[in-house]
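Novice: starting from these lines, generate the structure:
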Amino acid sequence: MRRRKFIKKTSLISIGLGMTNTSYSNIEIENKIDDTQPVVIATWDVKNATNEAWEILKKGESSLDAIEKGCMVEEANEKGQSVGKGGLPDRDGNVSLDACIMNSQGDCGSVVYVQNIKHVISLARKVMEETPHVMLAGDGAEKFAYSIGFKKEKLLTAESKKAWNEWKQTSKYKPIINIENHDTIGMLAIDKSGNISGGCTTSGLAYKMNGRVGDSPIIGSGLYIDNEIGGAVATGLGEEVIKTVGSFLIVELMRQGYRPQKACEIAIKRIVNKTNSNYKNFQVGYIALNKNGDSGCYSIQKGFSMTKYQFDNNINVQSDSYIT
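Specialist: Below you'll find the model as predicted:
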């Protein structure tokens with residue numbers, strides 16, 4: 001199947017960003033390294049997921065395979081109520097999942113508002129590899145999943161149903177900052193060939209309006225990869241990430257020479273500056289990885305973290321934040 005390319009850098013840069021090499025001070029130019037070392041990073045404390053991805057990378061397999069297998073660990077983790085099976089439902093009691101994946105060639109696949117399918121990261125990959133499309137939604141995505149062998153599975157667990165019934169007593173809707181310190185799972189990886197891939201998977205905001213889709217499955221907002229430069233993923237309140245096309249912004253900042261850490265900080269400050277004081281009421285966090293294997297993370301609120309597996313060490317790194 002012919003794959004549809006997403007990358008349209010020129011128009012996005014000139015129209016949406018208007019950035020130049022002198023837009024910001026203290027630019028640090030990176031020097032490329034000769035020896036590629038595998039690395040995987042992910043949002044939040046998800047060492048089981050990064051360990052699975054690392055095992056794939058150690059075998060010399062692709063970063064794309066590592067991303068898929070790593071994200072699947074959290075999708076199957078019923079205790080994590082914001083990803084995959086066991087995710088908290090929408091206001092009507094339906095668990096709907098979103099996911100996207102992007103490879104080093106710039107190919108990408110995405111699924112939105114999918115019910116009854118647990119491993120939506122795998123379904124997003126199938127959209128990328130076996131259809132002429134980038135995104136499938138709702139019933140169409142679910143039917144496609146069944147046609148290629150995915151099994152129907154009830155995603156609402158007893159714990160999530162209990163939480164939903166308790167919520168219905170007040171039916172108050174407000175994004176919860178750092179819910180369980182575990183939100184959207186975004187993952188980036190570099191393999192031994194130096195190729196970068198990334199993925200995102202989520203059940204979205206708890207008790208959202210039926211049909212709501214956040215940033216996670218949107219290429220350029222929740223995830224963006226450019227194999228010449230690096231990649232970035234987002235977590236938190238998706239509506240605010242979408243407004244600033246956050247992951248694309250971070251990659252373009254790295255293209256200008258910013259290190260991943262500084263690029264994440266600038267992207268967060270972009271949100272803060274556009275929302276005035278409202279930023280105090282929600283969380284957004286970014287992680288980024290450049291071609292050299294350098295990484296960074298930054299968030300609005302305290303409590304965000306990044307898991308990093310590199311040089312045989314699987315560690316959780318607490319993120320610096322705008323609000324200290």
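Novice: remind me what the helix or strand containing residue 145 packs against, helices and strands.
Specialist: Following DSSP states H and E, the helix or strand that holds residue 145 is helix 138-147. Packed against helix 138-147, as judged by 3 or more CB pairs under 8 Å, 6 or more residues apart in numbering; DSSP states H and E, are the following elements: strand 108-114, helix 120-130. Every C-beta, even on glycine, is put in place using the N, C-alpha and C of the backbone.
Novice: closest to residue 271 out of the ones you listed?
Specialist: Among the helices and strands packed on helix 138-147, the nearest to residue 271 by CB to CB is strand 108-114 (22.2 Å).
Novice: give me the neighbour count for the closest residue to residue 195 other than its chain neighbours.
Specialist: Leaving aside its chain neighbours, residue 195 sits nearest to residue 104 (3.8 Å; criterion: CB to CB, 6 or more residues apart in numbering). Burial of residue 104 is recorded as 21 neighbouring residues (other CB atoms under 10 Å).
Novice: pretty sure residue 320 contacts residue 296?
Specialist: No. Assessed by CB atoms under 8 Å, residue 320 is found out of contact with residue 296, at 9.5 Å.
Novice: overlap in contacts of these two?
Specialist: Among the neighbours of residue 320, those also in contact with residue 296 (CB atoms under 8 Å, 6 or more residues apart in numbering) are residue 265.
Novice: more neighbours: which of those two?
Specialist: Per other CB under 10 Å, whichever of residue 320 and residue 296 has more neighbours is residue 296, with 26 against 16.
Novice: please name the bridge partners of the more buried one.
Specialist: Note on residue 296: beta-bridge partners by DSSP bridges are residue 288.
Novice: quick revisit: any chance of the helices and strands packed on helix 138-147 in JSON lines, with mean neighbour count, mean pLDDT and distance to residue 313 too?
Specialist: Shown next, in JSON lines, are the helices and strands packed on helix 138-147 (neighbours: other CB atoms under 10 Å; pLDDT from 0 to 100; distance: least, CB to CB, whole Å):
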{"stretch": "strand 108-114", "mean neighbour count": "27", "mean pLDDT": "98", "distance to residue 313": "30"}
{"stretch": "helix 120-130", "mean neighbour count": "24", "mean pLDDT": "98", "distance to residue 313": "25"}
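Novice: nearest to residue 219 among these would be which one?
Specialist: When these are compared (using CB to CB), the closest one is strand 108-114, at 4.9 Å.
Novice: report the angle between the closest one and helix 120-130.
Specialist: 130 degrees (axes from the mean of the first three to the mean of the last three CA atoms, to 10 degrees).
Novice: strand 108-114 vs helix 138-147, what angle?
Specialist: 110 degrees.
Novice: so what touches strand 108-114?
Specialist: With contact meaning CB under 8 Å, 6+ apart, strand 108-114 is reached by 6, 96-102, 120, 123-129, 131, 133-138, 141-142, 145, 211, 213, 217-219.
Novice: quick one: strands adjacent to it?
Specialist: Neighbouring strands of strand 108-114 in its sheet, by DSSP bridges, are strand 97-102 (antiparallel), strand 135-137 (parallel).
Novice: and these, which is most packed in?
Specialist: Neighbour counts (mean count of other CB atoms under 10 Å) averaged over each of these peak at strand 97-102, with a mean of 32.
Novice: one step back: nearest to residue 244, of the strands paired with strand 108-114?
Specialist: The closest of the strands paired with strand 108-114 to residue 244 is strand 97-102. By CB to CB, the value is 17.6 Å.
Novice: may I have the closest one as PDB, with CA atoms only?
Specialist: In PDB, the C-alpha atoms belonging to strand 97-102 read as follows (Å, rounded to 0.1, in the frame of the first residue of the first chain):
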ATOM      1  CA  LEU A  97      -9.200   5.300  23.000                       C
ATOM      2  CA  ASP A  98      -6.900   7.500  20.800                       C
ATOM      3  CA  ALA A  99      -3.400   6.700  19.500                       C
ATOM      4  CA  CYS A 100      -0.900   7.600  16.900                       C
ATOM      5  CA  ILE A 101       2.500   6.300  15.700                       C
ATOM      6  CA  MET A 102       5.100   7.800  13.400                       C
END
